[in-house]
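Student: With the sequence up front, the predicted model follows.
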Amino acid sequence: MKITYSGHNLKITDDLHDYIIKRAEKIESRFSEMQEFNVILKAEKHRFEVEVKIIAPRVSFFANNETHDLMSALDGAVDKVIKQIRKYKERVKDKRHDVPHREVVEQLNQEITDIPVELDLTDSPIIVPAAEKFAAKPLTVNEAATELHSSGGTLLMFLNSETRQVNLLYQSDNGAYGWVEPSFT
């Protein structure tokens, strides 16, 4: 984690340095994905303003706080960032639980013997279950194409990580890839 801080009209003492490091560790204990922790401290007349910016992969957080005491301004900005991180984690957690992909994977990867096949040679066609597997984790279409190419198979069912729906990717005889995505209207 990279920690940067600067002071405008303010000298950063060793105590202030230690306090900033302590606040950064507090945030890192709640959000280990943090890559950068930036703090800007400003002093103007009888007030202090603190800006905190957290940078992580795919997300960043920003908060500022202004009070008459420098330490309380820093604490207030850090508390605002922690609140933003908590909301972000809840939002990501909710998205993961929208589609219970583990249950979908388990159902689609059941043993072939679990699929009931009734053979009635008069009218209905013969149903032969395929031994294809379902991708174990959500994938994008490009990742699914790479997975299908590396496996050497011709068919891959996967949970699309963008639409959160089951998709089918197949390779035709001429080597081109086809993609089937359900459309519920």
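Tutor: That came through, no problem. Just so we're clear, the structure is a prediction, and the values are computed from it rather than from any experiment.
Student: buried residues in the top helix by length along the chain?
Tutor: Looking across the chain with DSSP state H, the single longest helix is helix 70-98. For helix 70-98, burial by neighbour count (16 or more other C-beta atoms under 10 Å) applies to Leu70, Ala73, Leu74, Asp75, Gly76, Ala77, Val78, Lys80, Val81, Ile82, Gln84, Ile85. Using the backbone N, CA and C atoms, a C-beta is placed for each residue, glycine as well.
Student: which other helices and strands contact that helix?
Tutor: If contacts are counted by 3 or more C-beta pairs under 8 Å, 6 or more residues apart in numbering; DSSP states H and E, helix 70-98 sits against helix 14-30, strand 36-44, strand 47-56, strand 59-67.
Student: which of those sits most buried?
Tutor: Of these, the one with the most neighbours on average (mean count of other C-beta atoms under 10 Å) is strand 47-56, at a mean of 19.
Student: gap between that one and the chain center?
Tutor: Distance, stretch centre to chain centre, for strand 47-56: 24 Å (C-alpha atoms, centre = their mean, to the nearest Å).
Student: heads up, I number from 78, so please use that
Tutor: Renumbered: residue one is now 78, and that last one reads strand 124-133.
Student: List the strands paired with that strand, with their directions.
Tutor: Strand 124-133 pairs in its sheet with strand 113-121 (antiparallel), strand 136-144 (antiparallel), by DSSP bridges.
Student: Now render those as TSV, adding distance to Leu93 and mean pLDDT.
Tutor: TSV is the format used below for the strands paired with strand 124-133 (distance: least, C-beta to C-beta, whole Å; pLDDT from 0 to 100):
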stretch	distance to Leu93	mean pLDDT
strand 113-121	8	92
strand 136-144	15	93
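Student: surely Gln161 meets Phe138?
Tutor: Yes: in this structure Gln161 lies within contact range of Phe138 using C-beta atoms under 8 Å: 4.6 Å.
Student: And the residue most central in space within the chain, what's its pLDDT?
Tutor: Centroid check for the chain by C-alpha atoms, centre = their mean gives Val169 as the closest residue, at 6.3 Å. In this model, Val169 is scored at 78, pLDDT.
Student: can I see the domain layout of this structure?
Tutor: 79-175, 184-257 (automatic domain parsing).
Student: pLDDT on the last one, on average?
Tutor: Domain 184-257 carries an average pLDDT of 73.
Student: For stretch 230-246, measure first residue to last.
Tutor: Taking C-alpha to C-alpha, to the nearest Å, stretch 230-246 runs 10 Å from one end to the other.
Student: Can you give me the buried ones in it?
Tutor: Result for stretch 230-246 [16+ other C-beta under 10 Å]: buried residues Leu233, Met234, Phe235, Leu236, Asn237, Val243, Asn244, Leu246.
Student: Nothing else from me, thank you.
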